[in-house]
Every structure is written in C-alpha cells, then in structure tokens.
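# Here's my sequence, what's the structure:
(2 chains)
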There are 2 protein chains.
Amino acid sequence: MNGACKNIALVCPGGPISRELANDVTALAAAEFGGVANLHFHDQCFLEAGHFAGGDAARSDAFLEAANDPKFDAIWFARGGYGANRLRDDLWGRLNEAARDKTYLGYSDTGVILAHLYKNKLGRAVHGPMPTDLGRENGAAAVRRALEFFATGRADGFESSIDAKTPVVAFNLVVLAHMLETAAMPDLSGHVIMIEDIGEYLYRVDRAMSAITANAGIRKAAGIRLGRITDVPENDRPFGQTDEEIVQYWCARAGIPYLGRADIGHDADNKIVPFGRNGAAV
Amino acid sequence: MNGACKNIALVCPGGPISRELANDVTALAAAEFGGVANLHFHDQCFLEAGHFAGGDAARSDAFLEAANDPKFDAIWFARGGYGANRLRDDLWGRLNEAARDKTYLGYSDTGVILAHLYKNKLGRAVHGPMPTDLGRENGAAAVRRALEFFATGRADGFESSIDAKTPVVAFNLVVLAHMLETAAMPDLSGHVIMIEDIGEYLYRVDRAMSAITANAGIRKAAGIRLGRITDVPENDRPFGQTDEEIVQYWCARAGIPYLGRADIGHDADNKIVPFGRNGAAV
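Numbering: from 1, shown residues only, chains lettered A, B, ... in the order given. Sure, this is the predicted structure:
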C-alpha cells in the first residue's frame, strides 16, 4: 500500500446521508486525526432523488469530480445503499491520472465501484468502514479504523487472514451475485473472496451462493471466506442450515475451497481489506 | 403444442404443500375435469426438511421418478418456494425417453427446472399456474386455467402477446438474475423474455434488471415484456420510479427492446406461456 491519505473527499454513490452525520464524523476526525485526515463532504451527499443521493448523473458527476481532483488523496464512500451500479457506463474511461493515484474506501453496495476500479487497475480499491457506520452499535470504532487507515496507511485494521502472497477481495454476497458477468466484474482467479451480507433471508443467501459458485470465473478463485451475515429475518420455516453450512455446501458442490471465516460484515468489527496482493491489483 | 395430458404427476422441487391443498385441487380436478386430467400427487410433496419438501436427494429422486415414468403425460409442479436450483446436477442426464415426451408446468422458483428442460430440449417447458395458487384471491380460476390446458392442450389460456413466429420464455425476475451463466441458462437469442416477481423491494427489482440486462445472452433477446410485480414492500424512501419505468430504464441502457406488458404474475390472472415457438424449443 501507499502511505497516508491526508485529504479525503466523501461522495455517496447510492443513498444520501444527513448533515448531522457528516458533522459528527467531521468532528470525530478533527478531534482525533486533526491535520492528518481531513474530510471534505461533497454536497452531493445530501441530495435526495427518490431512493438516491441525487439522480444518476449527479452521483456520477460528483464521483468523477472528486476522483479526478488532484488535491484529494482518497475517496471515502460516505454510505452504501443501493445505487452504485446505476452510475454512468462511460465513467470509468473518464478517470484521469489523479484518479489513478487514489485510494477508494467503502463496502456493501459500493463494492460495485471497487470492482470496476480493481478490474481496470484504477487506484487502490479497499473494503472497509464508512461514515454511516457511526450509527451502529460501537460504530465509532469502525469509523476510527477507517480514519486510522487513511491517516497512517498502516495495516493494523486489516482483516487478519490477509497475507503477502494471496490476492484478496471482499464483497457483499448479493451485490456480487448481481455483478457476475457485468462490466464491473474483475478476474478473481487465484483470489480469496470474502463475502458478507445483511438483512437477507437464508434462502436468499443460499440462492446467491448458488449463483456465485456456478460462475466460471468464481470457480478459479483460491477460495471463499465467510464474513458475517447479520440481521437475517426469520422465515415462516427455519431454513435448516446455518449460513456457514450453506456456504460450505455450495463451495463443496462447485469444488471451490472454503477457507473459514472472515472478520468483515455490516458491523463495528468490519475490518479493512485492500483489494489485490499487498494492496495492488494482480 | 402436443395435445392433452391425461395423467399428471405432481412434485414439489422447492417447498412442501399440505394434504389439504392436494385434496382440494384433486376435488376440483375430479369435479370439472374428471377422466380427462387425473392428478397424482407424489408423497414427496408432503415431506418437510427445513425450508424444503424433503432434502435435495428426496426432491431430485421424486422429480426423476415422475419424469421418467411413462404412465404420466405431464409433470405439474405443485408449488414454487425456493429450492429447485438445489436439485442434483446429474439429474438432467438421467432423464429417459418418457421424460422427453412430457409437458412440465410451473413458474416462479420452478423456472430453474423449466430453463434446464428448455435448454436441453427435454419435453415441453411451460410457465403457468400451480396448485398452490388455489390459496390466492380468485385462485380457482388459475388452477382451472392449468387444468384446462392439460385437459385440452388448447391455447385459450395462453398469454395474448404470443404469436406463431417469435419464441418466448417467462421467468421470475430475481430467479432469472441468479440463473445467468449457470448450467440451467438456455440460449434466449431472438426470444421474447417475459418477467414477473413478487415481494421484492423496487431497488431489488432495479438491481435484478441491472444484472439481466448486462448479460450478453440476454442482450440477444428480441425484447423484454414486464408481467406484474406484486406485493412490493414499502421502503423507507420511495424508489422514485415505477416498476415499468425501471424496466424501461435498463432496457434502454442495454439496447434491449422493451415490448410492453405481459399478462403474467403471482396472481389468479397468471397466463400460460409455453416456452419456445409454438411450444417447441428453437
């Protein structure tokens, strides 16, 4: 990985955030990382257009503007929430040299953008906490982990199974299941794929696993690690398998090594996963 | 299409049904189609194993047994409910000549089986009502439509946009989104693809549309028709587009013709769609 990221632009490719959240995270960053991790929330974060933080054009333009601006060292996605996959298709070809030298941090729905960036070797795509995590139980710890990463570039907050040899990625499971064979999908041959999710019935976890393990590209991975699947709704009938049994079942069926758990998820413990090997695309 | 189907075996590739439902549908069939559409519910329909009507082996075996039995003219899936994609991978190669001469009727989750059959030119795959639809408002009309189709083979209950020239298929949208690039996926070049769904947030409808319209195979289709998306849960924020606007958006973005509405869905009006051209694979 490159070193620290001093100036950080925040955009919302999916849903909007409140001014209050931006103020709270800015205050935390100023108090604990003043001068070493400076946050710049783009006004687009506060737009509202139906489900989204502004229309597709507004969200695309804000991301492009921030990514192409050489005065920022990093883009921090302020929130997930569905919408990153609706950014304009022509976006990726319009990123400039400044965009190629940035760190991009987020997870969940913004994994679509991390995938695009990683696939095209544009900057450093990193899975990790977002400002919106401040609202979770013990959420300040998650936000601090991200800020520490920006401020120091150090590996303290990295997911512990990451080694210097095996390239890794981390995705929301259902987001990944919908990204297969799209323009965003990177070649994950030889990679450890970490997955996590939130708010999905176990039958949907099972269905998403059936989709990803059927995919020829995914079958070339070094293996799959399961993060946390949280807030699983109760179904009218218990599914009959745990989340880990489901993942083991489909991995075995597809001949993909199941490598155990990963310390990621929609929670305060969500660790940092720099895509690639030592934070660089392979 | 071939003519009538006198003897009809019922199996449950996903969730189970109750004995009461089987009795009610058997009584309706006997009263109105006695001697011309005889129903034979396989005992597997009533098994319970977690979410499913018996384990993967039991469901696979029951389907194989019924499909390979020459005394049945048709297989009628008694219910959807997640699980058809967990049937054994080796199933399709074990279907015999009797299985190749059958009609297979169902929809929703059982679309995975219809896809496999259609892809491999095994029998006649047909989208249409299932016994479990009896529980819906005015559900007897749906069950009658299926029984009439079995009893007469006539096109009275067919979706009205079907013509003799253009091959068609019909799928549950989210099921289709998870089936892309799997072993089940048929070549839909030149086909009209009808889609429908139930119980999905509009953002999930949007995400599924993004996945299917990104797929190279789907982009070779003649076009997409939108059936009904019912029981859409209210989200914390209104999505900002209707279901039809979502489908139009993604079709336009992918260059796939949007052809208008289809008269299918998880409701009593759900019409019959024989896969292919004139009910035969193309």
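
# Up against chain B, what does chain A have?
Residues of chain A found near chain B, taking C-beta under 8 Å from any C-beta of the partner chain as the criterion, are A:15, A:48-52, A:82, A:85-86, A:89, A:177-183, A:202-203, A:206-208, A:210-211, A:214-216, A:235, A:237-241, A:253. C-beta: built from backbone N, CA, C; applies to glycine.

# now the helices for chain A?
Listed in chain order, the helices found in chain A under DSSP state H are A:19-33, A:56-68, A:97-100, A:111-119, A:139-152, A:173-179, A:202-214, A:243-254.

# Output the contacting helices and strands for the first one.
In this structure, helix A:19-33 packs against strand A:38-41, helix A:139-152, with contacts taken as 3 or more C-beta pairs under 8 Å, 6 or more residues apart in numbering or on different chains; DSSP states H and E.

# How far off centre is stretch A:255-274?
What separates the centre of stretch A:255-274 from the centre of its chain is 12 Å, taken as C-alpha atoms, centre = their mean, to the nearest Å.

# what's the span of it from first residue to last?
26 Å (C-alpha to C-alpha, to the nearest Å).

# so how far does stretch A:208-220 reach from one end to the other?
For stretch A:208-220, the first and last residues are 18 Å from each other (C-alpha to C-alpha).

# Work out which residue lies at the spatial centre of chain A.
The central residue of chain A, meaning the one whose C-alpha is nearest the mean C-alpha position (C-alpha atoms, centre = their mean), is A:Tyr107 at 1.9 Å.

# and that residue, what does it touch?
For A:Tyr107, the contacting residues are A:Gly80, A:Leu114, A:His127, A:Gly128, A:Pro129, A:Met130, A:Ala170, A:Asn172, A:Glu196, A:Ile264, A:Asn270, taking C-beta atoms under 8 Å, 6 or more residues apart in numbering or on different chains as the criterion.

# again, only using 10 Å
Counting by C-beta atoms under 10 Å, 6 or more residues apart in numbering or on different chains, A:Tyr107 touches A:77, A:80, A:114, A:126-130, A:133, A:170-172, A:175, A:196, A:227, A:264-266, A:270, A:272-273.

# what does A:Ile212 give?
The neighbourhood of A:Ile212, defined by C-beta under 10 Å, 6+ apart, consists of A:171, A:173-174, A:176-180, A:193, A:195, A:218-219, A:221, A:224, A:247, A:250-251, A:254, A:256, B:178.

# A:Ala177 now?
With contacts taken as C-beta under 10 Å, 6+ apart, A:Ala177 has the following neighbours: A:171, A:195, A:197, A:204-205, A:207-215, A:218, B:177-178, B:180, B:207, B:211.

# how many other residues sit next to the nearest residue to it once chain neighbours are set aside?
Leaving aside its chain neighbours, A:Ala177 sits nearest to A:Ala208 (3.9 Å; criterion: C-beta to C-beta, 6 or more residues apart in numbering or on different chains). Neighbouring residues of A:Ala208 were enumerated by other C-beta atoms under 10 Å in any protein chain shown; the total is 23.

# Can you verify my assumption that A:Ala208 contacts A:Ile218?
No - with contact taken as C-beta atoms under 10 Å, A:Ala208 and A:Ile218 are classed as non-touching, separated by 11.5 Å.

# what is in contact with those two at once?
Overlap between the contact sets of A:Ala208 and A:Ile218, as judged by C-beta under 10 Å, 6+ apart, is given by A:Leu176, A:Ala177.

# With A:Asp263 as the reference, measure out to A:Leu226.
Using C-beta to C-beta, to the nearest Å, one obtains 11 Å as the distance from A:Leu226 to A:Asp263.

# who's more crowded, those two?
A:Leu226 (25 against 19).

# now the residue lying closest to that one once chain neighbours are set aside: how far from A:Leu173?
Of all residues beyond its chain neighbours, the one nearest A:Leu226 is A:Val247 (4.8 Å), with distances taken as C-beta to C-beta, 6+ apart. Separation of A:Val247 from A:Leu173 (C-beta to C-beta) stands at 9 Å.

# which residues do the two both contact?
With C-beta under 10 Å, 6+ apart applied, the overlap between the contact sets of A:Val247 and A:Leu173 consists of A:Ile195, A:Val205, A:Met209, A:Ile212, A:Ile224, A:Leu226, A:Ile229.

# Backbone torsions only: list them for the residue lying closest to A:Arg145 once chain neighbours are set aside.
Nearest-residue entry for A:Arg145: A:Gly157, 4.2 Å, with adjacent residues in sequence omitted and distances by C-beta to C-beta, 6+ apart. When quoted as degrees, to the nearest 10, the phi and psi of A:Gly157 stand at phi -90, psi 10.

# related to what we said a few turns ago, and the pLDDT for the residue nearest to the centre of chain A?
You'll see A:Tyr107 listed with a pLDDT of 98.

# low-scoring pLDDT stretches of the stretch 1-150 of chain A, where are they?
Where the stretch 1-150 of chain A drops to pLDDT under 70, the residues are A:1-2.

# what's the nearest residue to whichever residue of it sits closest to chain B if we skip its chain neighbours?
Using C-beta to the nearest C-beta, the single residue of the stretch 1-150 of chain A nearest to chain B is A:Gly50, 1.8 Å away. Residue nearest to A:Gly50 in three dimensions, not counting chain neighbours: B:Gly240, with 1.8 Å by C-beta to C-beta, 6+ apart.

# Report the contact partners of the one you found.
Neighbouring residues of B:Gly240 by C-beta under 10 Å, 6+ apart: A:Glu48, A:Ala49, A:Gly50, A:His51, A:Phe52, A:Gly55, B:Leu202, B:Tyr203, B:Ile246.

# List buried residues within those.
Of all those considered here, the ones buried according to neighbour count by 16 or more other C-beta atoms under 10 Å in any protein chain shown are A:Ala49, A:His51, A:Phe52, B:Leu202, B:Tyr203, B:Ile246.

# about what we covered before: could you dump the helices of chain A to a markdown table with distance to B:Glu32?
Shown next, in a markdown table, are the helices of chain A (distance: least, C-beta to C-beta, whole Å):
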| stretch | distance to B:Glu32 |
| --- | --- |
| helix A:19-33 | 61 |
| helix A:56-68 | 52 |
| helix A:97-100 | 67 |
| helix A:111-119 | 51 |
| helix A:139-152 | 61 |
| helix A:173-179 | 42 |
| helix A:202-214 | 35 |
| helix A:243-254 | 42 |
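
# Which one of those helices lies nearest to B:Asp73?
helix A:202-214 (30.7 Å; C-beta to C-beta).

# and the angle from that closest one to helix B:202-214?
For helix A:202-214 and helix B:202-214, the angle between their directions (axes from the mean of the first three to the mean of the last three C-alpha atoms, to 10 degrees) works out to 20 degrees.

# tilt between helix A:202-214 and helix B:111-119?
For helix A:202-214 and helix B:111-119, the angle between their directions (the same axes, to 10 degrees) works out to 30 degrees.

# Helix A:202-214: how far from the chain's middle?
Helix A:202-214 has its average C-alpha position 19 Å from the chain's average C-alpha position, going by C-alpha atoms, centre = their mean.

# average pLDDT across that helix?
In the prediction, helix A:202-214 has an average pLDDT of 98.

# That one versus helix A:243-254: what angle between them?
Here helix A:202-214 runs at 30 degrees with respect to helix A:243-254, directions being taken by the same axes, to 10 degrees.

# how many other residues sit next to A:Val247?
Applying the criterion other C-beta under 10 Å, we find 25 residues in the vicinity of A:Val247.

# and if you look at A:Thr166?
Neighbour count of A:Thr166, defined by other C-beta under 10 Å: 15.

# I figured it hits A:Val192, correct?
Yes - counting by C-beta under 10 Å, a contact exists between A:Thr166 and A:Val192, whose distance comes to 5.5 Å.

# shared neighbours of these two, which are they?
Overlap of the contact sets of A:Thr166 and A:Val192 (by C-beta under 10 Å, 6+ apart) consists of A:Ala222, A:Gly223, A:Leu259.

# contacting residues for A:Ser161?
Shown here is A:Ser161, whose contacts under the criterion C-beta under 10 Å, 6+ apart are A:Val168, A:Val192, A:Met194, A:Arg225, A:Leu259, A:Gly260, A:Arg261, A:Ala262, A:Asp263, A:Lys271, A:Val273.
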